Every structure is written in C-alpha cells, then in structure tokens.
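> A structural model of the following input is requested.
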Amino acid sequence: MNADVYRSLSIIAEDSDLMKRAMIYLRKLAKQKQQDDASMSKEEFFSMIDKRMENYENGEYVSFTSPEEMHSYFEFL
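Numbering: from 1, shown residues only. Here you go, the predicted structure:
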C-alpha cells in the first residue's frame, strides 16, 4: 500500500497544483485520524461514568482543598 502511495505521488510530483491538493488532503486525513484516536465511543464514555459512580459510592474518590492542589494533581497525571 505504501508503495502505491509513493508511486502515485511520483506521478504527480511535477505538477505543483496536484501536489498541493494532495498535501491538503493528506493533512485533512491525518487530522481526522488524530481526532478519531483521541475520542471514545459512547459506550466507553458511559462505562467510565458508571465505574466512577461505583467508586464514589464505595468512598473511593479524590477531593481537593484548593484549585492549586487540583491543578498539581492533574499535572502529575
């Protein structure tokens, strides 16, 4: 597959307009991929919420006395 991509790029390499269009499209695909990797499914989200609620009901949670303490906790993660 990589060879096919490189072969196609070599065909259009001398046409700057086509190369620009290819570059823009590849950047768009890369951005979509990054966003897809960072997002979670609806099921994963609600599963996480359910787990946190169970932890809270069992007395397992973190509390903070100040915004600075919370900030340093999140920086540690």
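> in three-state terms, label the residue of the chain most remote from its centre for me.
Using CA atoms, centre = their mean, the residue of the chain lying farthest from its centre is residue 14. It sits 34.0 Å away. Per DSSP: H, G, I helix; E, B strand; the rest coil, the secondary structure class of residue 14 is coil.
> so for it, what's the pLDDT?
Residue 14 is assigned 92 on the pLDDT scale.
> which residues of this structure fall in helices?
2-12, 16-38, 42-57, 67-76 (DSSP state H).
> the third one: how far from the chain's middle?
Its chain's average C-alpha position is 20 Å from that of helix 42-57, according to CA atoms, centre = their mean, to the nearest Å.
> residues contacting the lowest-mean-pLDDT helix or strand in the chain, please?
Sorting the helices and strands of the chain by mean pLDDT, DSSP states H and E puts helix 67-76 at the bottom, at a mean of 86. Here helix 67-76 makes contact (CB atoms under 8 Å, 6 or more residues apart in numbering) with 62, 64. All C-beta atoms are positioned from the backbone trio N, CA, C, and that covers glycine.
> quick check: buried residues in that helix?
By 16 or more other CB atoms under 10 Å, helix 67-76 has no buried positions at all.
> could you dump it to CSV, C-alpha only?
This file holds the C-alpha atoms of helix 67-76, laid out as CSV (Å, rounded to 0.1, in the frame of the first residue of the first chain):
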residue,chain,number,x,y,z
PRO,A,67,-7.7,24.9,42.9
GLU,A,68,-3.9,24.8,43.1
GLU,A,69,-4.0,21.3,44.7
MET,A,70,-6.3,20.1,41.9
HIS,A,71,-4.0,21.7,39.2
SER,A,72,-0.9,20.0,40.6
TYR,A,73,-2.8,16.6,40.8
PHE,A,74,-3.8,16.9,37.1
GLU,A,75,-0.3,17.9,36.1
PHE,A,76,1.0,14.8,37.9
